[in-house]
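pasting the structure only:
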Ligand SMILES: Cc1cc2nc3c(=O)[nH]c(=O)nc-3n(C[C@H](O)[C@H](O)[C@H](O)COP(=O)(O)O)c2cc1C
């Protein structure tokens, strides 16, 4: 009995330490990516125009989807607007919260709404969390009307998303008035073996540059 208890507590300790080691590895890697991406975003800040017809709205935790957002904006002469969500800040606390909420469609975001009147096309970007677009982009899509607009959802991810979540997102934006919907997704590869930022943008160009999306 005593041996069984000792073995069980040994296994529990190993599991706790492995969990902590994984969390530390992932969050430190994310911080490194965020630093590199911030540098890129500072070097090449998105320019807001007065008369753009397209807008790229993005939520990004470690900066990869934000870099892609700026690239898409550059390709399409679009404005860029960033959604933030304090609950999912970098570090272990924000990461655990992100994992916990990953499948939720509710999030506390800033801004909650944007004036989209001048735009005919709205790009909505977010990372994939537990196979689904991250909660802040669902919350934004719920809060805003897309009447007569074309909506393009774009995601970056490491390995996998599930199509039924994308289909649900399409229904949501169409309920909110969108006249068309398309989805763009870039697989960056698993941590430790990921595409460089330049390769991510090149992959985007190969798949989506020049794709008319119907507008
Ligand atoms: C909480 C959490 C859950 C994730 N779940 C998935 C997942 O299910 N599938 C996947 O391919 N990538 C997953 N990822 C990886 C992110 O989608 C990927 O690193 C993305 O490019 C990060 O974008 P960002 O830098 O804009 O935040 C997850 C990341 C986090 C933080």
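Happy to help now that I have it. None of these values were measured; they are calculated from a predicted model. Numbering: from 1, shown residues only.

and stretch 21-31, anywhere near the ligand?
No: with Cβ under 6 Å from any ligand atom as the criterion, the ligand is not reached by stretch 21-31; the gap is at least 6.9 Å. Placement of C-beta: from N, CA and C, glycine included.

What residues sit buried inside that stretch?
By neighbour count on 16 or more other Cβ atoms under 10 Å, the buried set for stretch 21-31 is 27, 30.

Tell me the residues of this structure that contact the ligand?
Residues of the chain lying close to the ligand by Cβ under 6 Å from any ligand atom are 60-66, 95, 98-99, 102, 127-131, 156-160, 188.

What backbone torsions are found at residue 6?
Backbone torsions of residue 6, given as degrees, to the nearest 10, read phi -60, psi -40.

Look up how far residue 18 lies from it.
Separation of residue 6 from residue 18 (Cβ to Cβ, to the nearest Å) stands at 19 Å.

about what we covered before: filter the residues of the chain next to the ligand down to the buried ones, ChimeraX style.
Command for ChimeraX, covering only those of these found buried under the criterion 16+ other Cβ under 10 Å:
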select :60,61,62,63,64,65,66,95,98,102,127,128,129,130,156,157,188
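
Identify those among the residues of the chain next to the ligand that sit within strands.
127, 128, 129, 156, 157 (DSSP state E).

who touches the closest residue to the third one other than its chain neighbours in this structure?
Counting by Cβ to Cβ, 6 or more residues apart in numbering, residue 129 lies nearest to residue 102, which is 3.7 Å off, once chain neighbours are set aside. Contact criterion Cβ atoms under 8 Å, 6 or more residues apart in numbering gives 129, 130, 132, 134, 135 as the residues in contact with residue 102.

Now that the third one has come up, it's in contact with residue 163, right?
It refers to residue 132. No: distance between residue 132 and residue 163: 10.6 Å, which falls outside the contact criterion (Cβ atoms under 8 Å).

Please identify which of those two sits among more neighbours.
Taking residue 132 and residue 163 together and counting by other Cβ atoms under 10 Å, residue 132 has the greater number of neighbours (22 against 9).

for that one, what are its contacts?
Per Cβ under 8 Å, 6+ apart, neighbours of residue 132: 102, 103, 161, 162, 165.

give me the element residue 194 is part of.
For residue 194, there is no host helix or strand (DSSP states H and E).
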